[in-house]
Every structure is written in structure tokens, then in C-alpha cells.
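# How does the following fold in three dimensions:
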Amino acid sequence: MYFDEFLSKLNQVQFRELGGLDAQFKLAPKLRLRYNQQKIEASNPKKAAVLSLFYPNKENKATFLLTLRASYNGKHSSQISFPGGKIEQRDKDLKEAALREAFEEVGILKNEVHIVRETTDVYIPPSNFLATPFIAYTNKRPVFTKNYEVESLIEVLVEDLLNEANITSTTMTTSYMEKIEVPCFKLNNYIVWGATAMMLSEIKELLK
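Predicted coordinates:
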């Protein structure tokens with residue numbers, strides 16, 4: 001899909017009804033399904049925000065950015081995510097948090113980013129975060145500069161996200177679960193699951 005065609009889809013995305021949990025739960029691990037709204041609120045989750053950034057690649061194909069997190073002693077070590085993180089006191093709102101984190105992690109310049117809309121919050125049980133995704137775009141491919149939190153950049157074609165053949169399942173073992181089968185996307189030979197897959201599932205439905 002060329003970027004001009006994608007932009008015309010984004011214009012429609014602004015006004016479409018969100019798929020919400022129904023869309024997200026198509027790619028949700030069973031662990032996440034145990035948490036209803038009442039249980040989430042009782043957990044008093046920390047607020048976070050992520051940036052789902054779309055842009056044209058060198059061939060002018062619509063592309064979006066994921067990151068492979070660096071290895072560290074924590075629950076989300078070496079996992080795939082959007083640029084983002086927790087809100088800080090200096091952020092006036094979640095949108096500002098998403099833009100700040102995207103700049104700090106991968107060098108995306110705030111003044112080049114056009115925010116389209118926010119999508120449905122995703123609760124992340126292992127770290128007790130409630131993450132708000134923001135769909136955004138730039139008119140040219142950013143000059144990425146990754147920091148210590150990011151092992152590598154993953155640039156995915158939108159047409160690959162929309163391809164049903166890229167939805168599958170896999171067995172995962174992490175710091176908080178062992179040998180659990182989870183639904184996932186297979187994108188650029190990476191397994192994308194958990195909160196990021198849930199966010200992508202809703203975005204995918206908006207774009208279809």
C-alpha cells in the first residue's frame with residue numbers, strides 16, 4: 001500500500017467507531033482476559049502512553065515502527081512494543097508523554113508528528129500499566145536515533161499488518177508465565193504478542 005492511499009484511509013479512521021475490547025481481545029493472551037474493568041480499577045494501574053507512528057519508507061510504502069526492547073532485569077525485557085512509556089510530572093497529558101517517549105527512545109521529532117487519534121487503553125497485568133495508544137503519522141521517514149532502551153528498530157509494512165496470513169499463535173515463556181499459548185502477529189519474522197498485538201488488532205480493524 002502506497003503512502004498516499006494510506007493517508008486517505010487515515011482520514012476515515014478519525015471518524016470511525018473504535019473496535020475497543022472486542023477488537024483487542026482477538027489477539028489477547030488468556031491471562032489478560034481475566035481482568036474486567038472493575039478489577040483493573042481496583043489495581044490502580046500506572047498510566048502510560050505509546051505512539052503508533054506511520055510514515056512512508058524509501059519506496060513510498062506505508063510503514064509503521066515497532067521496537068525490540070533491550071534486555072534488562074524486568075518483566076518486558078526483549079519484548080516488542082511501540083515507542084512509549086509511563087507519564088511523568090513534566091507531561092501535561094498522555095499525548096505529550098507519548099511524544100516525549102518517542103523522541104527519547106528513537107529520536108522522533110515532535111514537530112514532525114501529526115496525531116490522528118487515540119485508541120482504546122490496554123491494561124498490562126504483569127507491570128500494572130494502563131497504556132493509551134496514539135495513532136500518528138509523519139510525511140517522511142524520520143531519522144531514527146535509538147537510545148539504550150531499544151535493541152533494534154522494526155519497520156513493518158501496513159500491508160503486512162492487514163494480511164490475515166500473518167496472524168498465528170505461539171507458545172511463550174516469560175518472567176511471569178511458562179509455556180503458555182498466545183495469539184500473535186508474525187511481522188518481519190518477529191513474534192508480536194501481548195499488549196502490542198492487542199493495540200495492533202484494533203488499529204488493523206480501523207484500517208480495514
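
# now the protein, which segments are flagged as low pLDDT?
For the chain, the stretches with pLDDT under 70 are 72-77, 174-177.

# remind me, longest strand of it?
In the chain, assigned by DSSP state E, the strand with the most residues is strand 46-56.

# Which parts of this protein are strands?
With DSSP E as the criterion, the chain has strands at 46-56, 62-69, 80-81, 84-86, 114-118, 122-124, 129-137, 150-157, 167-172, 180-187, 190-192.

# Same list (these) but as TSV, adding distance to residue 3 and mean neighbour count.
Heads up, the C-betas are built off the backbone N, CA and C, glycines and all. Listed next are the strands of the chain as TSV, based on distance: least, C-beta to C-beta, whole Å; neighbours: other C-beta atoms under 10 Å:
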stretch	distance to residue 3	mean neighbour count
strand 46-56	4	22
strand 62-69	5	22
strand 80-81	23	23
strand 84-86	23	20
strand 114-118	13	15
strand 122-124	27	22
strand 129-137	9	23
strand 150-157	11	16
strand 167-172	24	13
strand 180-187	18	19
strand 190-192	22	18
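
# Between strand 62-69 and the longest strand of the chain, find me the angle.
Strand 46-56 runs at 140 degrees relative to strand 62-69, counting by axes from the mean of the first three to the mean of the last three C-alpha atoms, to 10 degrees.

# angle of strand 46-56 against strand 129-137?
20 degrees.

# now for strand 46-56, which elements pack on it?
Counting contacts by 3 or more C-beta pairs under 8 Å, 6 or more residues apart in numbering; DSSP states H and E, strand 46-56 packs against helix 3-13, strand 62-69, strand 84-86, helix 94-106, strand 129-137, helix 194-207.

# CA atoms only for it, dumped as CSV, please.
C-alpha atoms of strand 46-56 as CSV (Å, rounded to 0.1, in the frame of the first residue of the first chain):
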residue,chain,number,x,y,z
LYS,A,46,0.1,3.4,36.4
LYS,A,47,-0.6,5.5,33.3
ALA,A,48,1.5,5.2,30.2
ALA,A,49,1.2,6.2,26.5
VAL,A,50,2.6,4.8,23.3
LEU,A,51,3.0,6.2,19.7
SER,A,52,1.8,4.1,16.8
LEU,A,53,3.7,6.1,14.1
PHE,A,54,3.1,5.6,10.4
TYR,A,55,5.3,7.0,7.6
PRO,A,56,6.5,6.3,4.0
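
# so who does the nearest residue to residue 161 once chain neighbours are set aside touch?
Excluding the flanking residues, the one nearest residue 161 by C-beta to C-beta, 6 or more residues apart in numbering is residue 204, at 5.6 Å. Residues in contact with residue 204, defined by C-beta atoms under 8 Å, 6 or more residues apart in numbering, are 23, 161, 162.

# Which of those are buried, as a PyMOL select command?
Buried residues within these, by 16 or more other C-beta atoms under 10 Å, are selected in PyMOL with:
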select buried, resi 23+161
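
# Appreciated, that's everything.
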